[in-house]
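Trainee: based on what follows, work out the 3D shape:
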Amino acid sequence: MNELVAPSDLSQPTISKHLKVLEHAGLVSRGRAAQFRPVRLEAALLAGAAQWLGDYRRFWTESLDRLDTYVKELKRKEGRRVSKRKQR
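Mentor: Next up is the predicted model:
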């Protein structure tokens with residue numbers, strides 16, 4: 001636990017709570033070696049989580065790109081309307 005706390009600004013209880021959540025989700029496992037309680041990442045399950053997050057990243061990136069295109073089109077149309085009004 002101390003090795004996880006040292007490089008971060010998080011407290012030991014905060015890291016412990018996060019590890020419990022990750023352990024409950026099956027993303028890490030805890031062992032016991034004398035007084036040490038090593039924590040091991042479960043790489044296969046993390047790969048599944050990364051895949052799931054990647055799918056959502058693609059979804060949101062594509063959605064935001066479409067929204068950006070739509071907003072630019074609206075601005076372009078609004079610009080033409082303003083130009084026509086000025087010509088009158």
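
Trainee: domains in the protein, as residue ranges please.
Mentor: What automatic domain parsing lists as the domains of the chain is 1-41, 43-88.

Trainee: rank these by pLDDT, which is bottom?
Mentor: Of all those, the minimum mean pLDDT falls on domain 1-41 (a mean of 84).

Trainee: sorry, back to before: as a markdown table, the domains of the chain with mean neighbour count would be great.
Mentor: For glycine as for every other residue, the C-beta is placed from the backbone atoms N, C-alpha and C. Conversion of the domains of the chain to a markdown table gives the following (neighbours: other C-beta atoms under 10 Å):
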| stretch | mean neighbour count |
| --- | --- |
| domain 1-41 | 11 |
| domain 43-88 | 10 |
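
Trainee: which residues of the protein fall in strands?
Mentor: Chain-ordered strands for the chain, with DSSP state E as the definition, fall at 28-30, 39-41.

Trainee: any chance of a markdown table for the ones you listed, columns distance to Tyr56?
Mentor: What follows is the strands of the chain, written out as a markdown table (distance: least, C-beta to C-beta, whole Å):
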| stretch | distance to Tyr56 |
| --- | --- |
| strand 28-30 | 22 |
| strand 39-41 | 21 |
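
Trainee: so how far is the biggest helix by length in the chain from its chain's centroid?
Mentor: Of all segments of type helix in the chain, defined using DSSP state H, the longest is helix 43-87. Helix 43-87 has its C-alpha centroid displaced from the chain centroid by 18 Å (C-alpha atoms, centre = their mean, to the nearest Å).

Trainee: got a list of what the spatially most central residue of the chain touches?
Mentor: Central residue of the chain (C-alpha atoms, centre = their mean): Leu53, 7.0 Å from the mean position. Contacts were defined as C-beta atoms under 8 Å, 6 or more residues apart in numbering; by that measure Leu53 touches no other residue.

Trainee: and it, how far from Phe59?
Mentor: Counting by C-beta to C-beta, to the nearest Å, the gap between Leu53 and Phe59 amounts to 11 Å.
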